[in-house]
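Q: need a 3D model of the following:
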Amino acid sequence: MIETSNNYAGANFSYDNEKETCIATGDYKTMNGQLTVVNVNGQYKKGAGIYNFNATRDAEGNVNVTGVPASILSPVASEVTKIMEAVEALVNPQ
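A: Predicted structure coming up:
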């Protein structure tokens, strides 16, 4: 017998910025209309370098970005912020 304790909804998404320096895919889940998790896998291009990164957001809104050197953390974090804001707007349109 299977019992479920969590019922959630969610979706997969893709993202690319207008500058063509960042592309990403990911997914998000909601429960009771609240965002519970966002997962992002992406690539950021700077000059000749291509950097893969991962980002997650938990139910409390805490965001972690991994996989990039400190020298490009700021622009990657900026793109991750845009992604998280776009997902939030999908879940809770104003």
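Q: kindly indicate whether Ile83 is helix, strand or coil.
A: Under DSSP: H, G, I helix; E, B strand; the rest coil, Ile83 falls in the helix class.
Q: and the gap between it and Ala89?
A: Between Ile83 and Ala89 the distance is 11 Å, computed by Cβ to Cβ, to the nearest Å. Yep, even glycine has a C-beta here, placed from its N, CA and C like the rest.
Q: neighbour count winner among these two?
A: Ile83 (22 against 10; other Cβ atoms under 10 Å).
Q: pLDDT on stretch 68-84, on average?
A: If you average the pLDDT over stretch 68-84, you get 96.
Q: no no, stretch 50-57
A: 97.
Q: need the contact partners of it.
A: By Cβ atoms under 8 Å, 6 or more residues apart in numbering, the residues outside stretch 50-57 that reach it are 26, 35, 37-45, 63-69, 72, 76, 80, 83-84, 87.
Q: and those, which are buried?
A: Judged by neighbour count, with 16 or more other Cβ atoms under 10 Å as the criterion, the buried members of these are 26, 35, 38, 40, 42-44, 65, 68, 72, 76, 80, 83-84, 87.
Q: which residues of the chain fall in strands?
A: Using DSSP state E, the strands of the chain run over 9-16, 22-31, 34-46, 49-57, 63-66.
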